[in-house]
Structure formats: structure tokens, C-alpha cells
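J.: Sequence and computational prediction follow.
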Amino acid sequence: MPQLEVDGAALTYDDEGPRDGAAAPLVFIHGWTADRHRWDHQMAHFGADRRVIRLDLRGHGDSTGAGVGTIAELAQDVVALLDRLGVDRFVPVGHSMGGMISQTLALGHPERVERMVLVNSIGRMTYSRGRGLLMAASTLVPFRLFVAANIQRAFAPGFPRERIREYVRTSAGTPKEVVMTLYGAMRAFDVLDRAGEITAPTLMVHGYHDVQLPVGQMLRMAKAYPDAEVRIIDAGHELPVERPAELTAALDRFVTASA
């Protein structure tokens with residue numbers, strides 16, 4: 001289980017697949033309170049033919065480190081890892097908060113991002129007044145209840161309850177300081193007005209039943225992108241584990257088109 005020390009954090013990562021192919025490595029970036037194993041299906045599928053990299057963000061999974069105040073700081077961690085691994089051009093595949101990190105990478109390092117995939121992600125978190133007040137109030141409840149409420153509603157109706165409880169336990173194992181600091185970082189994230197600067201071909205895959213980051217917000221973002229393809233799947237916010245095969249197939253078609 002390799003790790004990289006970056007600014008007080010030990011980042012755990014996996015680097016698999018052949019190094020001699022012409023295709024740019026896929027870099028999988030998980031979301032808030034999740035870990036790199038959200039991408040198990042995609043790693044197994046793509047790792048046979050191309051280089052694939054994934055990491056646990058600081059404070060998540062098997063990585064250590066305190067929370068940071070901005071999404072940009074998480075993006076810097078990803079850049080530090082890729083620099084250490086000798087990766088120049090790459091294809092970021094980001095879920096939810098990982099998609100925010102991916103957009104930050106595309107804006108800050110356009111020469112390195114060959115293509116990009118955003119899974120259940122948006123460029124700006126937008127709420128009605130009522131929704132904003134509800135989210136603010138939710139931070140006042142006990143931590144485990146706060147986490148459980150957010151994770152349970154991330155899945156579409158009908159997803160097995162025992163598996164939801166498993167993901168709630170995993171998320172609740174993330175340190176409270178990391179969870180709450182990054183919750184604020186996500187709420188403050190806003191690159192929607194800069195979406196037109198992202199020229200890399202981008203695939204946006206979204207769950208139709210996503211109530212965390214509604215599909216309408218993704219579509220608003222897609223209109224601002226110069227080169228965006230949209231795919232909507234019958235799922236909630238946790239597409240990588242709700243519909244892993246469908247997501248993998250969509251990714252395969254998109255990244256194969258660049259070969």
C-alpha cells in the first residue's frame with residue numbers, strides 16, 4: 001500500500017496497469033467522506049489495458065492528514081502525487097467533490113488534462129433559501145446523525161439498505177474535522193463562471209435521482225462547457241457503486257474515442 005508524504009499528510013494510492021501504452025493514465029478521484037475503493041469496478045476494467053491511478057484524499061480512507069479549507073488544496077495534493085509518479089498528461093475522473101477537484105485541475109493545469117470525466121458533480125453549489133437554511137441547520141445535529149442523513153439520501157430509492165449502512169459506517173469513520181471542513185469547502189466552491197475556459201473534452205455522467213447535486217445544476221454547467229457530452233443514468237448520487245457497470249461502459253466509450 002504505497003503512500004506519499006505531502007504537506008503533513010500521508011496519501012495512500014494505487015498505481016496499476018501497463019506503463020508502455022500511448023493512452024493517458026486515468027486518475028480516479030473520490031468524493032466527500034468516501035475512499036478510493038469507490039472505483040473498484042473501474043480499476044479492474046481499465047487496469048488490464050492502461051495505467052490507472054487512484055488515491056485516498058487526505059483524511060479519507062487509508063490516508064492521514066487534517067482537513068483543508070479549499071478544493072484547490074486537494075487539487076494540489078493530486079498534482080503532487082502525479083508529479084511524484086512522473087505523470088504529465090492524464091484524464092481525471094472525479095465523483096462529486098472529486099469532480100470539483102477535477103475541474104480545478106483542468107483550470108489550473110489545462111496543458112496536462114487530456115480529457116475529463118465528471119460523475120455527479122457540478123461547478124457551483126446552488127440552493128433555494130429554504131434548502132440553504134436546512135443544510136446550515138443540519139450541521140448542528142450530532143456528527144454521526146449528520147453523516148448518516150447525508151449518506152442515506154445519496155442513494156436512489158430501492159438501493160439495498162444493508163449496503164447503505166455499510167457506506168454510512170465508512171463515512172462516519174472519516175474524522176469529524178475533515179468532514180466538516182470539506183463540507184464548507186464544497187459549499188464555497190464556485191467555478192461555474194469559468195466553465196468556458198475548460199476546453200478539454202468532458203463527459204458528464206449524472207444520476208437522474210441525485211438529490212445531493214441535482215441533475216438540473218449539472219445541465220446548467222454543461223451548457224457553459226465548450227465541449228461537453230452528457231449521460232444521465234437511472235441512479236442517485238452514488239453512481240460508482242449504484243450502477244458500476246453502466247458507469248464503466250460510459251467511461252469506456254468516452255476514453256476510447258480519444259485513442
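T.: Good, I have the coordinates.

J.: How many residues are close by the nearest residue to residue 94 once chain neighbours are set aside?
T.: Spatial nearest neighbour of residue 94, excluding adjacent residues (C-beta to C-beta, 6 or more residues apart in numbering): residue 102 at 3.5 Å. From N, CA and C alone the C-beta is placed, and that goes for glycine too. When counting by other C-beta atoms under 10 Å, one arrives at 30 neighbours for residue 102.

J.: cool, and residue 240?
T.: 26.

J.: Need the pLDDT of it.
T.: Residue 240 carries a pLDDT score of 97 in this model.

J.: so who does it touch?
T.: Listed by C-beta atoms under 8 Å, 6 or more residues apart in numbering, the contact partners of residue 240 are 38, 39, 41, 42, 95, 119, 247.

J.: Once you drop chain neighbours, what's closest to it?
T.: That would be residue 38: by C-beta to C-beta, 6+ apart, it lies 4.6 Å from residue 240.

J.: Helix, strand, or coil at the one you found?
T.: With DSSP: H, G, I helix; E, B strand; the rest coil as the basis, residue 38 sits in helix.

J.: now the contacts of residue 240 as CSV including secondary structure and distance to residue 241?
T.: Compiled in CSV, the contacts of residue 240 are given as follows (DSSP: H, G, I helix; E, B strand; the rest coil; distance: C-beta to C-beta, whole Å):
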residue, secondary structure, distance to residue 241
38, helix, 6
39, helix, 9
41, helix, 8
42, helix, 11
95, strand, 10
119, strand, 11
247, helix, 9
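
J.: circling back to that earlier point, now do the residue nearest to residue 240, the pLDDT please.
T.: Taking residue 38 on its own, its pLDDT is 97.
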